[in-house]
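# Structure of the sequence below:
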Amino acid sequence: MKQTRLNIARPDIFRYFDALPEKIFRQKDIAMHLAGQRNFWRLAQSTTVQAFVRFLLDSKRLTQTVFPFPKPYKREVRYVWGDATVYEIMLTLKPDCYFSHYTAVAFHGLTEQIPKTTYLNVEQPSTGAANTNLTQNSIDVAMRRPVRVSHNVAETAEFRVCLISGKNTQNYGVVEEPVMGAGRPLGILRFTKLERTLIDIAVRPVYAGGVAEVLNAYRSAGDRASANVLSATLERLAFTYPYHQAIGFYMERAGYKGYQLDMLRRFPMPFDFYLTHGMQEMEYIRDWRLFVPKGL
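Residues are numbered from 1 along each chain as shown. A predicted model of the protein is given here:
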């Protein structure tokens, strides 16, 4: 039986991919490598990218992960040479994306739950200075509506990943560090630091299991969280809405010390605010000028 050119070149192809520093590819990346090495591997011009990818998949050295994002979003496919965790693969979905909210809560060990959804923050281009002309009526109207959530979700039997269109922060408070999960390494991943995570989940508790789970995360953070860093991060993020009132409430209810709470009290509180969107039964916390769910 006559060997194909791909089979003859197999050792050289494998050595080439083994030596590459990157292990996760889009199809266009593999096409680029094929174009650059085609003559060296003596492959016919009729060997298409699709045929080359199929050859690599059949060899079992290359694996494929499909992210079936719904329309109007784009279905994504990634190819892995060797081994990579699903978290490492997810970080290639969008440039400079990073794990946030409930996923970062889990990475920091702030929950005993196993989040079913992985959250990836994709920062949007800056739109210039935010409109800061708040009124009590505008806050009331906005916060009484149901919260808007991302529908950019890909779900398979192995994972569920949600891409969040986040505020442009130039990746402030984002680190790249080794992460462990269930006793095994998940890779060197980009995710929000502890204080940035606590802020994010207070801003969007819907992406962190709800307000009760956010409160549990604040309790679990305990002395690990720096009120100075949290306060400085809040200043840097410069939210239009007074989320510091919600954060101060969480900190107080979680048992943070008086001097830590004072770091949040120094922010102005000219308006009443709400712990989350669309609450039905509420109680008012006068110290933080904040409406919270009754019985929290």
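# Share the number of residues neighbouring Thr233, please.
20 (other Cβ atoms under 10 Å). Quick note: C-beta positions are derived from backbone N, CA and C, even for glycine.
# same deal with Ala9?
Quick note: Ala9 (other Cβ under 10 Å) scores 20 neighbours.
# Give me the spatial nearest neighbour of it, chain neighbours excluded.
Leaving aside its sequence neighbours, Ala9 sits nearest to Trp41 (Cβ to Cβ, 6 or more residues apart in numbering; 4.1 Å).
# Roughly how far does the one you found sit from Arg10?
Using Cβ to Cβ, to the nearest Å, one gets 9 Å for the distance from Trp41 to Arg10.
# can you check Ala106 too?
Between Ala106 and Arg10 the computed distance is 41 Å (Cβ to Cβ).
# can you check Ile201 too?
49 Å.
# And those two? Which one has more around it.
Ile201 (30 against 17).
# Quick one: mean pLDDT for the helix or strand that contains the more buried one?
Ile201 belongs to helix 194-203 when assigned by DSSP states H and E. Averaging pLDDT along helix 194-203 yields 98.
# With just CA atoms, put it into PDB.
Only the C-alpha atoms of helix 194-203 are listed here, as PDB (Å, rounded to 0.1, in the frame of the first residue of the first chain):
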ATOM      1  CA  LEU A 194      -9.500  39.300  45.400                       C
ATOM      2  CA  GLU A 195     -10.500  42.900  45.900                       C
ATOM      3  CA  ARG A 196     -11.500  43.400  42.200                       C
ATOM      4  CA  THR A 197     -13.600  40.100  42.500                       C
ATOM      5  CA  LEU A 198     -15.400  41.400  45.600                       C
ATOM      6  CA  ILE A 199     -16.300  44.600  43.700                       C
ATOM      7  CA  ASP A 200     -17.400  42.800  40.600                       C
ATOM      8  CA  ILE A 201     -19.800  40.400  42.400                       C
ATOM      9  CA  ALA A 202     -21.300  43.300  44.300                       C
ATOM     10  CA  VAL A 203     -21.900  45.100  41.100                       C
END
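# same for that helix, what does it pack against?
Judged by 3 or more Cβ pairs under 8 Å, 6 or more residues apart in numbering; DSSP states H and E, helix 194-203 is in contact with helix 101-107, helix 211-221, helix 227-237, helix 243-253.
# List the buried residues in stretch 284-296.
Residues of stretch 284-296 classed as buried: 285, 288-293, 296 (neighbour count, 16 or more other Cβ atoms under 10 Å).
# Tell me where this protein has strands.
In the chain, the strands defined using DSSP state E lie at 24-25, 62-67, 76-81, 98-99, 118-123, 153-155, 160-166, 174-181, 184-192, 273-274, 282-285, 290-293.
# The last one pairs with which strands?
Yep, that's strand 290-293 we're talking about. In the sheet, strand 290-293 lines up against strand 273-274 (parallel), strand 282-285 (antiparallel) (DSSP bridges).
# quick one: low-confidence ranges for this protein?
Across the chain, the ranges flagged by pLDDT under 70 are 1-3, 128-132.
# Kindly recompute the last result at 80.
Along the chain, segments meeting pLDDT under 80 span 1-3, 127-132.
# what residues go with each domain of it?
Per automatic domain parsing, the domain ranges recorded for the chain read 1-60, 85-293.
# Save those domains as a markdown table, and put in distance to Pro68 too.
Putting these into a markdown table (distance: least, Cβ to Cβ, whole Å) gives the following:
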| stretch | distance to Pro68 |
| --- | --- |
| domain 1-60 | 16 |
| domain 85-293 | 5 |
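# Most tightly packed of the ones you listed?
domain 85-293 (a mean of 17; mean count of other Cβ atoms under 10 Å).
# For it, measure first residue to last.
39 Å (Cα to Cα, to the nearest Å).
# picking that back up, Ser138: which of the strands of the chain is closest?
Checking those against Ser138 by Cβ to Cβ gives strand 273-274 as the closest, at 11.8 Å.
# circling back: compile the strands of the chain into CSV and extend it with columns for distance to Asn133.
Conversion of the strands of the chain to CSV gives the following (distance: least, Cβ to Cβ, whole Å):
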stretch, distance to Asn133
strand 24-25, 45
strand 62-67, 40
strand 76-81, 39
strand 98-99, 31
strand 118-123, 24
strand 153-155, 34
strand 160-166, 23
strand 174-181, 30
strand 184-192, 29
strand 273-274, 16
strand 282-285, 25
strand 290-293, 21
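# so which of the strands paired with strand 290-293 gets nearest Gln170?
Among the strands paired with strand 290-293, strand 273-274 comes nearest to Gln170, with 26.1 Å by Cβ to Cβ.
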